[in-house]
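J.: Sequence and predicted model, in that order:
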Amino acid sequence: MLSLLYVILSGIALPVGGIQMQYLWRNQLGDVYSLGLGSAACLGAAAATMSGWCSLTVGSFICTLVCTLICFFVTLKVSTRNLITFGILFGTFIGSLGTIVVTNAPTPELMKKYYLWGAANFNLEGVTTWDIIFSLVLFAVGIGAALYCARDLTRHNRGDIELSNIYKAVSLLMIMFLVTSAVSICGPIGFISLGVPNLSRIICKSDDIRKHYLISSAMGVGLLLVTWLIVRYVNFGIYLPISATMAILALPLMAIPFFRKGGK
């Protein structure tokens, strides 16, 4: 039941966070991992796994929070375009640190434990009751903030208003709470936070972000649920990572509307 709960939670949290990033940046390439949040989660999980200083979930959250706070202060000082460039470079730096930590794992078992988390298998190995409670609180705060900011984000994306840097920075922090509620428990799940919001915007031409919250969440949960069932019950006797399997399954879904619209 907990695995199913986090399939649903992840299917909501990641697309909602992704569409918020796209509206904040007014850019369809906006993604929750663009500022290095995914790399930070992996670094924290790797450090926690290899050292044993805290649970994998707590390590992932702490490192992601530190990364977000750095981006928070950078957001106060730079333009959106420069923030995207900074995020790509910063994410590469964080990812490199994570690679160094993992390749120096004390034992092969610890390295395997980390990579299984990173493959997002939803087995929730080593996750405690407090980890679950903490992630649900983060999810509630993140969703509440997304709904509260919906009107301003829609108007900002239209160009009706310009959000202040402090507003963007706080929004980024709330997005981090939402995304980390899933990632710290299940591992980073690619595609769903970028591909699903874009698919929603192709299907529904409305620029009201609240509609995309609903559409993206429905598609995210559906896609992740189908992937989870395939990985769990139709795996051909091999280990299938959730992220990789979902990206393969979702490619035709992304291709159909693009080709139907003539690539426009």
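T.: Noted; the coordinates are in hand.
J.: Tell me how many other residues surround W130.
T.: One way to gauge burial is a neighbour count; for W130, by other C-beta atoms under 10 Å, it gives 11. For glycine as for every other residue, the C-beta is placed from the backbone atoms N, C-alpha and C.
J.: Please identify the helix or strand for it.
T.: Secondary structure from DSSP states H and E places W130 in helix 129-148.
J.: what pLDDT, on average, does that helix get?
T.: Along helix 129-148, the predicted local confidence has a mean pLDDT of 92.
J.: and the angle from the helix or strand that that helix is followed by to helix 129-148?
T.: Remark: after helix 129-148, the chain's next helix or strand is helix 150-158, criterion DSSP H and E. Counting by axes from the mean of the first three to the mean of the last three C-alpha atoms, to 10 degrees, helix 150-158 points 60 degrees away from the direction of helix 129-148.
J.: Helix 150-158 packs against which elements?
T.: helix 2-25, helix 209-233 (3 or more C-beta pairs under 8 Å, 6 or more residues apart in numbering; DSSP states H and E).
J.: of all the ones you listed, which lies closest to A119?
T.: When those are compared by C-beta to C-beta, helix 209-233 sits nearest A119, at 9.6 Å.
J.: List the buried residues in the closest one.
T.: Using 16 or more other C-beta atoms under 10 Å as the burial criterion, the residues of helix 209-233 that qualify are 209, 211-213, 215-217, 219-221, 223-224, 227-228, 230-231.
J.: again with stretch 26-38
T.: For stretch 26-38, burial by neighbour count (16+ other C-beta under 10 Å) applies to 30-38.
J.: Helices - which of these land there?
T.: In helices, defined here by DSSP state H, the members of the buried residues of stretch 26-38 are 37-38.
J.: could you dump the buried residues of stretch 26-38 to JSON lines with pLDDT?
T.: Formatted as JSON lines, these follow (pLDDT from 0 to 100):
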{"residue": "G30", "pLDDT": "78"}
{"residue": "D31", "pLDDT": "84"}
{"residue": "V32", "pLDDT": "81"}
{"residue": "Y33", "pLDDT": "81"}
{"residue": "S34", "pLDDT": "77"}
{"residue": "L35", "pLDDT": "76"}
{"residue": "G36", "pLDDT": "80"}
{"residue": "L37", "pLDDT": "78"}
{"residue": "G38", "pLDDT": "78"}
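J.: Which one of the buried residues of stretch 26-38 is nearest to L178?
T.: For the buried residues of stretch 26-38, with L178 as the reference and C-beta to C-beta as the criterion, the closest is V32, at 8.3 Å.
J.: For that closest one, which residues are in contact?
T.: Contacts for V32 (C-beta atoms under 8 Å, 6 or more residues apart in numbering) come out as 14, 17-18, 21, 38, 175, 179, 193.
J.: at 10 Å what do you get?
T.: The contact partners of V32, taken as C-beta atoms under 10 Å, 6 or more residues apart in numbering, are 13-22, 38, 172, 175-176, 178-180, 182-183, 188, 192-194, 197.
J.: what separates it from P197, distance-wise?
T.: 10 Å (C-beta to C-beta, to the nearest Å).
J.: so which of the helices and strands packed on helix 150-158 gets nearest T129?
T.: The stretch from the helices and strands packed on helix 150-158 with the least distance to T129 (C-beta to C-beta) is helix 2-25; that distance is 10.2 Å.
J.: Could you check how many residues crowd around the closest residue to L136 other than its chain neighbours?
T.: Spatial nearest neighbour of L136, excluding adjacent residues (C-beta to C-beta, 6 or more residues apart in numbering): S181 at 7.1 Å. Using other C-beta under 10 Å, S181 has 28 other residues around it.
J.: Pull the contacting residues for S181.
T.: With contacts taken as C-beta under 10 Å, 6+ apart, S181 has the following neighbours: 6, 9-10, 12-14, 17, 61, 134-143.
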